[in-house]
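1. Have a look at this prediction, sequence included:
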Amino acid sequence: MTTVSIQSLVKRYGSSTAVNGISLNIEHGEFISLLGPSGCGKTTTLKCLAGFEAVDEGRILFDGRDVARLPPEQRDIGMVFQNYALFPHMTVAGNLAFGLEMRGRPKAEITERVRAVLDLVQLGGLGARYPRELSGGQQQRVALARALVIEPKILLLDEPLANLDATLRDEMRTFIRDLQKRVGISTLYVTHDQAEAMTMSDRVVVMFGGQIAQVDTPEAVYDRPASAAVARFVGQANVVEGVVAGANGDRRIESTLGSLPMPQRLGMTPGTFVSIIARPQAIALTAVASGTPLAGTVAARYFHGAFIDYRIAVGEQMLNVQAVPPALHEPGDAVALGFDPARLWAVEAA
Amino acid sequence: MRASRVLLGLFCLLICAYLLAPILVVVGASFNAGPFLTFPPRGLSLRWFAAFLNNQVFIDAIARSLWLALAATAISGVVGVAAALYYVRFATRAKEAVRVAILLPLLLPEVLTAMALLFFFYAIGIGTRLGVGMLVGHVLITLPFVFLNVVTALHGFDANWELAARSLGANPWKSFRRITLPLIKPGVINGCLFAFIISFDTFGISYLLKDVGGATLPLQLFDYLRFNFTPEAAAVSTMSIVMALIVVVATEKLVGLKIERF
Amino acid sequence: MTARALAAPWRPMLLIAPATVLIGVFLILPYLNIVVMSLREPATTTPYGSGFSTGGYAKFFADFYYVGALLQTLWIGLLSTLVCLLLGFPLALQIVRASSRWRALLYGIVLSPLLVGIVVRSYGWTILLGNNGVINRALLDLGLAQTPVPLMYNSFGIVVALSHVFLPFMVLPIMGALQAIDPALEDAARSLGASPRRTFRRVVLPLAMPGIQSGAILVFVLAVSAYVTPVLIGGMRIKTMAVIVVETLIDQFQWPLGSALALILSAAATLVVVLFMRATRLRWK
């Protein structure tokens, strides 16, 4: 069942187009992330969905009903803002009760539901506090609770973890995702942080310049990106230009690095110009033996603890290669590059 | 460092003396036992307070000033808050024009505004009757204060609060009443307090637009002080100071004054 | 994020409608009317005649009485503004730096002239400044003067009284500007090697400038248009433009001349304000 359907959404600000024809379906219970750099239109899309911005073209359907004319208070949404936007003059309980009061629920019911949601976000007993008395993480959870307690059709989150420090962010990521699964609510999550999008979502929507570049599961977006731009945004990527060559059964890609094995699952014909996408984990480094076709020099090495980041210079190009410790190669060493065709990907060159 | 701090403190003490001097003089003079308005008072007595309380002219003037101030403040309050909301939220090209227009009575001589209203009301046939011109004049000169104070309060107001309220199901009016208004209350109260004091105290507008027998307190005091040399006027002044203090203290206790930006 | 597109298009209009009507009908129109009035023919039995002439303006320039009064009024305004600045800035500084207990008290004292009422405080000054007033009697008693020092019925007295009246209007904007300065900025300057004096001059003062500007403009305009204080303190001997305007209007019943004089006063004041804003903007930007 489709909760929300966005059809050919267009939103302009003056002479610039922020959202340029977006279509997307959010199924019931799905966690969808809008991922992209700042200015890509993801927040604008969220605002249009919420009703904070008017739509220029296209339709937005909630359970099949066009909501474009409806003001935010009639759309049955639950929104979590980047800076939480907790009402400072009300207690936590007051904040949580607000949405229910707007819906005219009886007092007894409100008290009970507020208590239940406070337990749900593990803030039981803090109802009488004021937002300013809580830590950042606690305020974040109150904001979440306030959006959830009204049991809206869809949960909208606008970069909610941006203001938290790194460890808290990791904790909250899992917290929000677990909560969402438990409650089973359709969710749209806006972020520029690819790690968030990848770890939390059922599907990721990558956006550039007001348009959707790819909609897929996190694995698909990572392993089979639709373009070099998507590949670079979602994790690190080495992008190498080349052209498909060879006969059936022995396809190669002649690239600027040399001859590379062509990934079997790609069905491109010889002569197609392609961009090869190789993740840093997909390249193996070995000591150079004579006659090794693909070789380079270690330009730099960075130790990350769990893995090692190598910068390998091959001719004019610089490749990122990730390896598991211990570090076998020093800066200045000559190394051979091994490309596993099972983990390579290529897209037609733009 | 300490020296300059001490000097600053001393200097400020002198300025405070300068600020309080005329007030102390008037209050002191109102306790004069004799019929002469002198300071320090010769003999202490409350006779002039009694005299003024029996003086219907002054009682009427105070009542008129109070009603006028309340009415002007109420109207300015509503119009000012609405205008401030418009100015801060709906930024359009006309924005600066709106701001200048509202501040105009403050930036131009009060005499000019008073004259303008006088001629206008004569031109439309009402003249100074019904006290309409007077009320309009008072609203015009109090509006800037409400406007400025509420605009300042709104600048500290996070727009997301209202959006959050809307997302939770509140229509614009409910969102204003439950979220915006409580949070800008200090600014509104401050502005209304200023408005009240300004209206109560204004002379120019009242002087030109007053109806026959419709003198406000400043006008009445002015008349009295020019031609009457008893301490009765000083007693009235002292009473009005006490009243103003009561209003301010009451407001502080009830609402809590914040030292807002002007 | 503005709540722009949420409501129906008529909602913002509704908010500004009352103010627009109020200002449009009762301010703009009447101001325009004054300009028209200033160009009308004077008359003897009625406030104004039926024709039009620029006689009012001609009269202003022809008679040195009027020009002199205008210059004197502007001069008094400038002096009052200067005094308010010199007194108001330290006061604002002190209030902002004081602990909250003192701050409330100081704030109250600063506002006290406003609470007291213009007539009352001007009258208080007459008691203080008169030849037989408190100050003079003290001076005579202490032997510091042989004859009473003329503190009233001259520019000096008016400036003293006006500065007193309008000091709050200088202090409040400056306070606002000072409060908005991030305390970290002063620390940053000190850490870069600036002495407290230099920090004040190069960091605090420029940042307080907008408040100083607002305060100065406000005080100047108010001082130049003041009526009650100059009347009570200046008496018959010295009349500011506002006093002359009211006289022309109420006593002489000459509306066209009065309008012309009022407009000239406003134009002169606005000119000074604009020049001031140009000058300060160039220096502190």
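-> In hand now; what should we look at?
2. Measure how buried residue 75 is and give me the count.
-> No chain specified, so I'll use chain A. Other residues near A:Arg75 number 22, with proximity taken as other Cβ atoms under 10 Å in any protein chain shown. (C-beta placed from N, C-alpha, C; glycine too.)
3. Chain C, not that one
-> For C:Trp75, the neighbour count with other Cβ under 10 Å is 13.
4. in which helix or strand would I find it?
-> With elements taken from DSSP states H and E, the one containing C:Trp75 is helix C:64-97.
5. next SSE after that helix?
-> helix C:100-116.
6. and that following helix with helix C:64-97, angle?
-> Using axes from the mean of the first three to the mean of the last three Cα atoms, to 10 degrees, the interaxial angle of helix C:100-116 with respect to helix C:64-97 works out to 160 degrees.
7. May I see the buried residues of helix C:100-116?
-> Taking 16 or more other Cβ atoms under 10 Å in any protein chain shown as the basis for neighbour counts, the residues of helix C:100-116 that come out buried are C:103, C:106-107, C:109-116.
8. Got the phi and psi for A:Leu126?
-> As for A:Leu126, its main-chain torsions (degrees, to the nearest 10) stand at phi -100, psi 10.
9. Run a quick neighbour tally on it.
-> 17.
10. how distant is the helix holding C:Trp75 from the center of its chain?
-> Relative to the centre of its chain, helix C:64-97 is centred 8 Å away, using Cα atoms, centre = their mean, to the nearest Å.
11. in what helix or strand does A:Glu112 lie?
-> Assigned by DSSP H and E, A:Glu112 belongs to helix A:107-120.
12. Can you dump the C-alpha atoms of that helix in PDB for me?
-> What follows is the C-alpha trace of helix A:107-120 in PDB, where atoms were taken according to Å, rounded to 0.1, in the frame of the first residue of the first chain:
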ATOM      1  CA  LYS A 107      -7.500  14.700  28.700                       C
ATOM      2  CA  ALA A 108      -7.300  11.200  30.100                       C
ATOM      3  CA  GLU A 109      -6.300   9.800  26.800                       C
ATOM      4  CA  ILE A 110      -3.700  12.500  26.300                       C
ATOM      5  CA  THR A 111      -2.100  11.800  29.600                       C
ATOM      6  CA  GLU A 112      -1.900   8.100  28.900                       C
ATOM      7  CA  ARG A 113      -0.500   8.500  25.400                       C
ATOM      8  CA  VAL A 114       2.100  11.000  26.600                       C
ATOM      9  CA  ARG A 115       3.200   8.600  29.300                       C
ATOM     10  CA  ALA A 116       3.400   5.700  26.800                       C
ATOM     11  CA  VAL A 117       5.500   7.600  24.300                       C
ATOM     12  CA  LEU A 118       7.900   8.900  26.900                       C
ATOM     13  CA  ASP A 119       8.500   5.300  27.800                       C
ATOM     14  CA  LEU A 120       8.900   4.400  24.200                       C
END
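13. That one packs against which elements?
-> Here helix A:107-120 touches helix A:92-102, helix A:136-148, going by 3 or more Cβ pairs under 8 Å, 6 or more residues apart in numbering or on different chains; DSSP states H and E.
14. Just the mean pLDDT for that helix, thanks.
-> The average of the pLDDT scores along helix A:107-120 is 95.
15. any idea of the angle it forms with helix A:92-102?
-> Our comparison of helix A:107-120 with helix A:92-102, counting by the same axes, to 10 degrees, yields an angle of 130 degrees.
16. how much does helix A:107-120 deviate in direction from helix A:136-148?
-> When the same axes, to 10 degrees is applied, the directions of helix A:107-120 and helix A:136-148 differ by 140 degrees.
17. Buried ones in helix A:107-120, by neighbour count?
-> The neighbour-count check on helix A:107-120 (16+ other Cβ under 10 Å) flags A:110, A:113-114, A:117-118, A:120 as buried.
18. now, the most widely separated pair of these?
-> A:Ile110 and A:Leu120 (15.3 Å; Cβ to Cβ).
19. where does the stretch 101-250 of chain B dip in pLDDT?
-> B:228-229 (pLDDT under 70).
20. Which stretches in it count as helices?
-> Counting by DSSP state H, counting those that start in this stretch, the stretch 101-250 of chain B forms helices over residues B:110-123, B:132-155, B:159-167, B:172-175, B:181-201, B:204-209, B:217-227, B:232-255, given from the N-terminal end onward.
21. So for chain A, which of those sits nearest?
-> helix B:159-167 (3.7 Å; Cβ to the nearest Cβ).
22. List of residues touching that closest one?
-> The contact list for helix B:159-167 (Cβ atoms under 8 Å, 6 or more residues apart in numbering or on different chains) reads A:50-52, A:71-73, A:77-79, A:81, A:83, A:85-88, A:98, A:146-147, A:156, B:89, B:172, B:174-176, B:178-180, B:183, C:1-3, C:6.
23. what mean pLDDT does the lengthiest helix in chain A have?
-> For chain A, the longest helix by residue count, based on DSSP state H, is helix A:166-183. Computed over helix A:166-183, the mean pLDDT rounds to 92.
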